[in-house]
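>>> Below are the sequence and a predicted model; questions follow.
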Amino acid sequence: MIDLAQERPLLVAEHLSKAYGTRRACRDVSLDIHEGEVLAIVGESGSGKTTLLQLLAGRLMPDAGHIFYEMRDGSRRDLHALSEAERRFLARTDWGYVHQDPAMGLRMGVSAGANIGERLMAVGARHYGRIRATAGDWLQRVEIEAARIEDLPSTYSGGMRQRLQIARNLVTKPRLIFMDEPTGGLDVSVQARLLDLLRGLVAELGLAVIIVTHDLAVARLLSHRMIVMRDGVVVETGLTDQVLDDPQDAYTQLLVASILPA
Amino acid sequence: MTQILALAGVGKSFTMHLQGGLRIPLLEDVSFSVAAGECCVLAAPSGVGKSSILKMIFGSYRCDRGTILVRDRDRVIDVATAPPRQMLALRQRAIGYVSQFLRAVPRVAAIDIVAQPLAAQRDAPAAGRLAAGDLLRRLAIPERLWELPPATFSGGEQQRINIARGFLPDLPLLLLDEPTASLDAVNKAAVIALIAEKKRRGTALVAVVHDDDVRAAIADRVVDITPFSRVAAS
């Protein structure tokens, strides 16, 4: 649930722009996100939403604009003024990044337990027994049998791999998670399970989440606020139910009108 | 009596970009207020915008013109201009809403859907479930259904889940959109009793009800929306 006493945003982006050659993927985007808040970025393929996510997560350098982040010690830092080591530490501890394809976020050649343990070791955990116990605990939280801890992720189903990727991200107790179409390639029933799990974890842990999705139902289920992008530009922003129930922009109206009723 | 809600000069129109920018005026100059412990029923034929007024107060529809003032403890917030985060806070602390249809969440048990609004207020989930169970019992939802997701429930059962969810937290303002539309006489009576209890506890209510008996039982005041409607005129 949103901590409304928390007035200072966790992350602030100001006037972000990014072009690939002459094609501008992201134009003058500003946004902020607070602790415990879920922000959805929606739009069709090619709208620039994944580029925006990668800019926010420091995986791409913007051509213009700034990103400020409130560190755990309360200091507000310009993301691009951080050293490479500082930025990598942030990405490994205080942040998570959930890829649409779990294979990109997991190491497929090592066991499930090691996939989770690796993130812990990056923040200094050294005690094998404790790492293993924590890994086992997290497998259960994402509804994977503890008996599968030694198995390689390549022996897991798509839904299990995605849940493992989420466990790997959450084990270091991050404050901010970036998600790129986390339910993208999954069957509908598997999707529902993952969404339910995500909803529960986000509320329980008070996570801030920036989630990119083309699926408006996913945005409605998970997010408090949303941003609608088209051709690299934010065309509409606001409360999720307001944007979906009373869309103002022509493109948002088209998106909402294009949903197939179940 | 403390004024909880006040609409002044509220106007709403829809611009349909997919129909070449067709502008459809809906409401103009809607003005009324509701005090603590009072139930105000909006009356007018279907389609003139009664539900839209509720949605504007809840903030799921935008308000084009005018002000919608809602009391939040010792402050008064204008919903028409409140930024999203303030609106979310207002929904947690001040505005309850029973929509016409339940939006069921896959895999979540009925009792947890009902208890969810309390999760924001209380630390003990068990207490929330206990209170949710009491309400479900009063609304005659059999206990064997409590742990099931309501997606497969009947229309009337889903509506009662929705009512329980809306009535569970004690908030200053409660909006009801046809809460008794798909209920039998016994359950209608249960909802009427719940509304009476809310009024005694000082909740201000705004309701859209078509059923004459229910309206007579709950309304302290009826606000006719027809004069504010621009649908008939266009």
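Sure, I can see it.
>>> For residue B:209, which residues are in contact?
Listed by CB atoms under 8 Å, 6 or more residues apart in numbering or on different chains, the contact partners of residue B:209 are B:41, B:176, B:178, B:179, B:180, B:215, B:218, B:219. For glycine as for every other residue, the C-beta is placed from the backbone atoms N, C-alpha and C.
>>> did I read that right, the second one in a strand?
Yes: following the definition DSSP: H, G, I helix; E, B strand; the rest coil, residue B:176 is counted among the residues of a strand.
>>> which stretches of chain A form strands?
A:11-20, A:23-33, A:38-42, A:64-70, A:76-78, A:95-98, A:176-180, A:208-213, A:225-230, A:233-239 (DSSP state E).
>>> do chain B as well
Using DSSP E, strands in chain B cover B:3-16, B:22-35, B:39-43, B:65-72, B:75-78, B:95-98, B:173-177, B:204-208, B:221-224.
>>> these two touch, right, residue B:96 and residue B:164?
No: counting by CB atoms under 8 Å, residue B:96 sits too far from residue B:164 to count as a contact (11.5 Å).
>>> Check the contacts of residue B:209 and tell me the two furthest apart.
Spatial extent of those (CB to CB) is set by the pair B:178 and B:219 at 14.2 Å.
>>> tally of neighbours for residue A:23?
Residue A:23 has 11 neighbours, counted by other CB atoms under 10 Å in any protein chain shown.
>>> in the sheet, who's paired with it?
residue A:20 (DSSP bridges).
>>> and the gap between it and residue A:207?
Separation of residue A:23 from residue A:207 (CB to CB, to the nearest Å): 33 Å.
>>> which of the residues in the top helix by length along chain B are buried?
Looking across chain B with DSSP state H, the single longest helix is helix B:185-200. Buried residues in helix B:185-200, counted by 16 or more other CB atoms under 10 Å in any protein chain shown: B:187, B:188, B:190, B:191, B:192, B:194, B:195, B:198, B:199.
>>> any chance of the strands of chain A in CSV, plus mean pLDDT?
Formatted as CSV, those follow (pLDDT from 0 to 100):
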stretch, mean pLDDT
strand A:11-20, 96
strand A:23-33, 94
strand A:38-42, 97
strand A:64-70, 96
strand A:76-78, 94
strand A:95-98, 96
strand A:176-180, 96
strand A:208-213, 96
strand A:225-230, 96
strand A:233-239, 96
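>>> just so I know, which of those strands lies nearest residue A:150?
Residue A:150 sits nearest to strand A:95-98 of all the strands of chain A, at 23.4 Å, using CB to CB.
>>> who does the closest one pair up with?
Strand A:95-98 is paired, per DSSP bridges, with strand A:176-180 (parallel).
>>> Let me know the angle separating the strand it pairs with from strand A:11-20.
For strand A:176-180 against strand A:11-20, the angle by axes from the mean of the first three to the mean of the last three CA atoms, to 10 degrees is 30 degrees.
>>> quick check, distance from strand A:176-180 to the centre of its chain.
Distance, stretch centre to chain centre, for strand A:176-180: 1 Å (CA atoms, centre = their mean, to the nearest Å).
>>> re earlier: quick check on the contacts of residue B:209: which are buried?
The buried subset of the contacts of residue B:209 - by 16+ other CB under 10 Å - is B:41, B:176, B:178, B:179, B:180, B:215, B:218, B:219.
>>> circling back: can I get the buried residues of helix B:185-200 in a markdown table with distance to chain A and pLDDT?
As requested, these are exported to a markdown table (distance: CB to the nearest CB, whole Å; pLDDT from 0 to 100):
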| residue | distance to chain A | pLDDT |
| --- | --- | --- |
| B:187 | 27 | 95 |
| B:188 | 28 | 96 |
| B:190 | 28 | 97 |
| B:191 | 24 | 97 |
| B:192 | 28 | 97 |
| B:194 | 25 | 98 |
| B:195 | 24 | 98 |
| B:198 | 23 | 98 |
| B:199 | 27 | 98 |
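>>> Farthest-apart pair in the residues you listed, please.
Largest separation among those by CB to CB: B:187 and B:199, giving 19.0 Å.
>>> Low-confidence bits of chain A, can you list those?
Along chain A, the model assigns pLDDT under 70 to residues A:1-6, A:261-262.
>>> can you list the residues of it near chain B?
A:1-2, A:4, A:34, A:37, A:192-193, A:195-196, A:199, A:203, A:221, A:224-225, A:238-239, A:241-242, A:245-246, A:248-250, A:253-254, A:257 (CB under 8 Å from any CB of the partner chain).
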